[in-house]
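Trainee: Sequence plus predicted model, see below.
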Amino acid sequence: MAKQKAQPNANPDGEISSAYNVSKQDRRAAFRSMIAYAKPFRGRFALIFLCTLLAISADLLQPYLVKIAIDDNLMAGKNDYGMLVLISVIYLAFVIIGLVFTYLQNNMLQYVGQSIVARIRKELFAHISKQSMSFFDRFHSGSLVTHVSSDTETLNQFFTQVLLSLMRDGMTLLIIIGLMFHLDPMLAGYSMLLLPIIAGIAIGFRSYMRKVYQITRTQLSRLIAFTAENLAGMNLIQAFHQQKQQQQSFNEQNKRYFRSNVREVQTNVFFNRSFDILGNLSVAFIVWIGGMAVFERTMEFGVLYAFITYIRQFFQPINSITQQWNTLQSTTVSMDRLWRVFSIKPSVQDTEQPNAIKSGAIRGRIDYDRVHFSYTEGVPILSGLDLHITAGEMIGIVGATGAGKSSLMSLLCRFYDVQQGSVRIDGIDIRDIPQAQLHRIVGLVQQEPYLYSGSIIDNVRLFDESISRDDVIKACRFVGADNLITRLQDGYDTMLSERGSGLSAGERQLISFARIVVFRPKILILDEATANLDSYTEQLVQTALQIVSKGRTTLVIAHRLSTIMQADRIIVMRQGQIVEQGTHRELIERKGYYEELYSHSQGAHAVG
Ligand SMILES: Nc1ncnc2c1ncn2[C@@H]1O[C@H](COP(=O)(O)OP(=O)(O)OP(=O)(O)O)[C@@H](O)[C@H]1O
């Protein structure tokens, strides 16, 4: 039977569900998928293993050398000076070998760990960028920021600290056990009685610690999400004087994160101290049992010395491995969360054999045929909608809030796929057009055009170096943005901050029009592009709109009906249906829903 692939879930609040409800099968799948990133570094890992083995052996043979010096020389009364010097030189050589190979092993491991995590981060960002809009409806940007930054960092700790500890401390433990049995099987046997006690403590803490780590990570993720959201909407918060309330919410989240962190630290300290106490008790036990054996001359003094050293060293790796338990806990949670993001396939994908249209041959006809669409199952937004737009037509789309105007446009951009029916451009189903080409055919100007940190030139050409500076300047002149830009201190090289906060809404809008001219899409969508503008800038943008819409099929969503009065056809939407269509004059004469909306808007205008 084919293995069923585990499918990830997301919390309704947009967080990828923590490991509370992750099955063992999921956890294994997550672990396997993350470990796969380490495979290309197999050779390096083998080298690291070799270095570790040499470093440990050099360290662990040191007490054995001292035992030889005590038992075979000093206690045996040989007083062989040459032999003592030789042992000291070998001891020194072991110290140097230990240092050199520890250094090499650490350096290599850090390099490998960073390389693996850099690759995961790169792929994660590429994966998120490829996702469809439905993905971003599900996941908060704050949670995604946590995955890209902090979860990948935790993974780095796994590849560097946890793997190193498992390798180094695991090997140390095995070699110590071997040496202890070699020195004195009876004493070694007694020491092994400690193992079940250690295992008991470790397992006892295990489930408790897992819970503690998950809570801390979830609190951190919430705190980051909250901060990111607040920073993004700071203007709104200030405009509505919500700073106090937001500060209060932040303080509560911060307090929760603080408490979970403190609990994590306390748990850790308690766990580590239990091990220290156990370690000291075992040394006392060995001194007692071994001391008696030395008195009874059934054991040599050098053996007891080496044994006490080894039993101390025996606890070090165990303590270190269990300390890594913390990291391992957060790593498994991070792995689960990353795997969940990686496992989500974009709901909108290119077909196996997409039908690329010759870019020069696109005319811009659009057909919506019996389109059914919903964001969530059972809540239809569009039911059997038909709309046919001829190439070059200018269409105005109006309707009350929530009528489905933006959804109609999102389908044309293929941010979502229709559930039934089809959307076609020049007769070709857009699901058959490669997405890269579709996004060149359909240009979108939103109410709040997004500007990136970078120069105006780069914002117009969207960092596409193949578009020349001259072309950008020509485009800006074409839409009437040139005057505004040249007035800025560095002209076209003015660096914009994130979202273009140094520019007015109208300036941002004109830059986004220049983008359209540069990228030359055959179909243009304007989603409330003039909604936020004063009447002077609106005039500028209207003129720019008339310029850029020439020779393009243009769809304009507008609440201000004045913006679309000149449209070739106006589509009136209500609850996901087209209820009327025609020119402004025809619709007014019909005295239907449009006329009602128009009178309302005139009334509002008059009041304004
Ligand atoms: N991402 C989404 N997930 C779930 N429901 C959504 C989503 N986007 C929109 N909706 C819902 O779909 C319906 C249509 O929304 P849409 O944004 O298309 O309307 P609209 O006419 O453009 O409204 P507005 O004029 O306010 O922008 C609304 O009920 C809205 O709540």
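Mentor: Done, it's in.
Trainee: Low-confidence stretches in the stretch 451-600 of the chain?
Mentor: 498-502, 529-534 (pLDDT under 70).
Trainee: if we go to 80?
Mentor: 451-453, 479, 496-506, 528-548, 559-563, 600 (pLDDT under 80).
Trainee: nearest residue to Gln157 other than its sequence neighbours?
Mentor: Thr327 (5.0 Å; C-beta to C-beta, 6 or more residues apart in numbering). No exception for glycine: its C-beta is placed from N, CA and C like everyone else's.
Trainee: Report the secondary structure state of the residue in the stretch 51-200 of the chain positioned nearest to the ligand.
Mentor: Relative to the ligand, the nearest point of the stretch 51-200 of the chain is Asp137 (4.3 Å; C-beta to the nearest ligand atom). Secondary structure state of Asp137, per DSSP: H, G, I helix; E, B strand; the rest coil, is helix.
Trainee: For it, give its distance to Ile224.
Mentor: Distance of Asp137 to Ile224, given as C-beta to C-beta, to the nearest Å: 19 Å.
Trainee: ok, now His241?
Mentor: His241 sits 25 Å away from Ile224, taking C-beta to C-beta as the criterion.
Trainee: Could you check which of these two has the larger neighbour count?
Mentor: Neighbours per residue, other C-beta atoms under 10 Å: of His241 and Ile224, the larger number sits with Ile224, 21 against 8.
Trainee: Assign the more buried one to helix, strand or coil.
Mentor: helix.
Trainee: and it, what is it in contact with?
Mentor: Gly142, Ser143, Val145, Thr146, Ser150 (C-beta atoms under 8 Å, 6 or more residues apart in numbering).
Trainee: Between those, which sits nearest Ser334?
Mentor: Ser150 (7.7 Å; C-beta to C-beta).
Trainee: I figured that closest one was touching Leu220, is that so?
Mentor: Yes. The criterion here is C-beta atoms under 8 Å, and Ser150 meets it with Leu220 at 6.9 Å.
Trainee: Check the gap between the closest residue to Asn230 other than its chain neighbours and Glu229 for me.
Mentor: What sits nearest to Asn230 in space, not counting adjacent residues and going by C-beta to C-beta, 6+ apart, is Gln246, at 5.7 Å. According to C-beta to C-beta, Gln246 and Glu229 sit 10 Å apart.
Trainee: Kindly report the same for Leu50.
Mentor: 49 Å.
Trainee: The residue nearest to Asn230 belongs to a strand?
Mentor: No. Using three-state DSSP, the assignment for Gln246 is helix, not a strand.
Trainee: And the pLDDT for it?
Mentor: Per-residue pLDDT puts Gln246 at 86.
Trainee: neighbours of it, just the number please.
Mentor: 17.
Trainee: again, but for Ala46
Mentor: 10.
Trainee: Which of the three states applies to Glu580?
Mentor: Three-state secondary structure (criterion: three-state DSSP) places Glu580 in strand.
Trainee: so it makes contact with Glu589?
Mentor: No. Between Glu580 and Glu589 there is no contact under C-beta under 8 Å: 11.3 Å.
Trainee: So which of the two has more stuff around it?
Mentor: Shown here are Glu580 and Glu589; by other C-beta under 10 Å, Glu580 has more neighbours (19 against 11).
Trainee: nearest residue to that one other than its sequence neighbours?
Mentor: Looking at Glu580 with C-beta to C-beta, 6+ apart, the closest residue is Val572, at 4.1 Å.
Trainee: The one you found against Leu587, yeah?
Mentor: Yes. Contact criterion C-beta under 8 Å: Val572 and Leu587 qualify, at 6.9 Å.
Trainee: Identify the contacts common to the two.
Mentor: Glu580, Gln581, Tyr594.
Trainee: what's the helix or strand containing Ala46 packed up against?
Mentor: Secondary structure assigned from DSSP states H and E places Ala46 in helix 42-68. Counting contacts by 3 or more C-beta pairs under 8 Å, 6 or more residues apart in numbering; DSSP states H and E, helix 42-68 packs against helix 81-130, helix 163-183, helix 301-343.
Trainee: So which of those has the densest surroundings on average?
Mentor: helix 301-343 (a mean of 21; mean count of other C-beta atoms under 10 Å).
Trainee: Check which helices and strands it is in contact with.
Mentor: helix 24-35, helix 42-68, helix 81-130, helix 152-157, helix 163-183, helix 185-192, helix 194-232, helix 243-295.
Trainee: Is the residue lying closest to Thr543 once chain neighbours are set aside in a helix, a strand, or coil?
Mentor: Nearest non-adjacent residue to Thr543, counting by C-beta to C-beta, 6+ apart: Gly480, 6.1 Å away. State at Gly480, reduced to three classes by three-state DSSP: coil.
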